[in-house]
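Asks: turn this into a model:
(one chain, ligands or ions: 2)
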Amino acid sequence: MTTDPIASALPLAAAAGAALQAVIFDVDGTLADTERDGHRRAFNQAFAQCGVDWHWSVSAYGELLAVTGGKERLRHFATRHATELLRRRGGDAWLADLHQRKNEIYRQLLGAGTIGLRPGVARLLGDLRGAGVRLAIATTTTRSNLDSLLLSSFGDDSRTLFEVIGAGDVVTDKKPAPAIYHWVLQRLRLPPVACLAVEDSRPGFLAAHAAGVPTLITINAYSADTDCSGALSVVSDLGEPGVPARCLGGQPLNDDGYVDLAQLRRWHRTAASEAQRSPTSVLAAH
Ligand code: XBP
Ligand code: MG
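Replies: Ligands and ions are numbered 1, 2, ... in the order given. Here you go, the predicted model:
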């Protein structure tokens with residue numbers, strides 16, 4: 001159940017008919033493939049610099065992604081695999097320093113231009129902004145890491161592109177909890193069904209779905225086997241003209257093979273009319 005007073009004040013039928021007014025983007029894995037060669041590499045370099053003999057392989061990191069939030073992931077790992085080291089080095093305060101070190105390395109990696117936006121992201125954001133659709137972010141990532149990614153990807157535009165940014169510790173319960181979506185929806189002053197979320201992972205999908213926000217999934221290497229049944233659609237990426245994306249589940253993608261505002265509106269409208277016919281589908285979590 002949402003605690004959002006604006007959303008709960010809306011009669012279900014009216015909410016189900018809401019037109020698309022805002023798109024809420026996840027960050028890591030959705031805007032850019034930041035995990036494998038960004039956060040993971042930065043964690044490993046931080047471990048080496050801090051004299052810790054940990055190394056997170058590509059596959060091990062995939063499993064660790066079930067724990068969202070960099071600090072939380074570190075704590076999860078340390079409390080399971082290195083309790084004695086954790087005690088000797090100073091517990092949570094040491095983990096916070098280690099995470100800080102990792103974030104500095106991550107910022108340098110972004111600054112070096114090694115991590116770009118995923119296909120179709122810049123195009124779709126431009127489309128949405130041009131059409132006056134409101135843009136927001138809901139992420140578990142640390143705000144400074146997000147700011148580095150936005151700056152390296154959008155330059156001066158990065159400060160004004162997204163109207164509402166929910167990141168990191170603004171909520172205590174990180175994804176898959178819906179709290180970050182509730183936080184963003186309250187600031188947008190919109191009911192969940194007037195929005196559409198774009199996510200890449202199961203924790204992200206569960207968070208958006210539990211908040212009642214219809215969700216598009218753009219999978220990546222780490223989320224290829226993810227069960228996202230209940231999503232509007234599941235696509236390989238957002239696609240570009242001439243470089244089509246693949247549709248892997250849910251509502252079909254247009255023949256052009258790329259996601260644009262018209263496609264988002266069609267998916268959103270179909271889900272809304274299904275919700276009107278059967279309020280247990282898209283609004284199940286509302
Ligand atoms: C993905 C995450 C984050 C990043 C790193 O967030 O799980 O934990 O791996 O986080 P999302 P930090 O998909 O919601 O954008 O910046 O906290 O190290
Ligand atoms: Mg993600």
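Asks: contacts only, for residue 129.
Replies: Shown in contact with residue 129 (CB atoms under 8 Å, 6 or more residues apart in numbering): 135, 161. Quick note: C-beta positions are derived from backbone N, CA and C, even for glycine.
Asks: what's the burial count for the closest residue to residue 263 other than its chain neighbours?
Replies: In space, and not counting its chain neighbours, residue 263 is closest to residue 254: 5.4 Å by CB to CB, 6 or more residues apart in numbering. Residues lying near residue 254 (other CB atoms under 10 Å) number 14.
Asks: any idea how far residue 254 lies from residue 225?
Replies: Going from residue 254 to residue 225 by CB to CB, to the nearest Å gives 26 Å.
Asks: tell me how far the residue of the stretch 51-200 of the chain found nearest ligand 2 lies from residue 70.
Replies: In the stretch 51-200 of the chain, the residue that lies nearest ligand 2 is residue 200 (4.5 Å; CB to the ion). Between residue 200 and residue 70 the distance is 17 Å, computed by CB to CB.
Asks: ok, back up a step: just to be sure, the residue nearest to residue 263 is in a strand?
Replies: No - counting by DSSP: H, G, I helix; E, B strand; the rest coil, residue 254 is not found in a strand; it is coil.
Asks: got the contact list for it?
Replies: 262-263, 266.
Asks: closest to ligand 1 out of the residues you listed?
Replies: residue 263 (22.5 Å; CB to the nearest ligand atom).
Asks: so, low pLDDT: which residues of the stretch 151-286 of the chain?
Replies: 278-286 (pLDDT under 70).
Asks: in it, which spans are helices?
Replies: 179-188, 202-210, 261-277 (DSSP state H, counting those that start in this stretch).
Asks: who's in contact with the second one?
Replies: Counting contacts by CB under 8 Å, 6+ apart, the residues outside helix 202-210 that touch it are 24, 26, 29-30, 65-66, 68, 138, 140, 175-181, 197, 199, 215, 217, 223, 226-228, 230-231, 285.
Asks: run the last query once more with 7 Å
Replies: With contacts defined as CB atoms under 7 Å, 6 or more residues apart in numbering, helix 202-210 is touched by 26, 68, 175-178, 180-181, 197, 199, 215, 217, 223, 226-228, 230-231, 285.
Asks: how far away is the residue sitting furthest away from the middle of the chain from ligand 1?
Replies: What lies farthest from the middle of the chain is residue 88; by CA atoms, centre = their mean that is 34.9 Å. Using CB to the nearest ligand atom, to the nearest Å, one obtains 23 Å as the distance from residue 88 to ligand 1.
Asks: packing partners of the strand or helix carrying residue 76?
Replies: Secondary-structure element containing residue 76, defined by DSSP states H and E: helix 70-81. Helix 70-81 sits against helix 91-111, with contacts defined as 3 or more CB pairs under 7 Å, 6 or more residues apart in numbering; DSSP states H and E.
Asks: from the chain's centroid, how far away is the helix it packs on?
Replies: Put simply, helix 91-111 sits 20 Å off its chain's centre (CA atoms, centre = their mean, to the nearest Å).
Asks: in it, which residues are buried?
Replies: 94-95, 98-99, 101-103, 105-107, 109-110 (16 or more other CB atoms under 10 Å).
Asks: also stretch 154-167?
Replies: By neighbour count on 16+ other CB under 10 Å, the buried set for stretch 154-167 is 154, 158, 161-162, 164-167.
Asks: hey, C-alpha coordinates of that stretch in PDB?
Replies: Provided in PDB are the C-alpha atoms of stretch 154-167 (Å, rounded to 0.1, in the frame of the first residue of the first chain):
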ATOM      1  CA  PHE A 154      24.900  15.800 -20.500                       C
ATOM      2  CA  GLY A 155      27.400  18.600 -19.700                       C
ATOM      3  CA  ASP A 156      25.600  21.800 -18.700                       C
ATOM      4  CA  ASP A 157      22.200  20.300 -19.400                       C
ATOM      5  CA  SER A 158      22.700  18.000 -16.500                       C
ATOM      6  CA  ARG A 159      21.600  20.500 -13.900                       C
ATOM      7  CA  THR A 160      18.200  21.100 -15.400                       C
ATOM      8  CA  LEU A 161      17.300  17.900 -17.300                       C
ATOM      9  CA  PHE A 162      15.600  16.100 -14.500                       C
ATOM     10  CA  GLU A 163      13.000  18.000 -12.500                       C
ATOM     11  CA  VAL A 164      13.000  15.600  -9.500                       C
ATOM     12  CA  ILE A 165      16.000  13.500  -8.400                       C
ATOM     13  CA  GLY A 166      15.500  10.800  -5.800                       C
ATOM     14  CA  ALA A 167      18.900   9.200  -5.100                       C
END
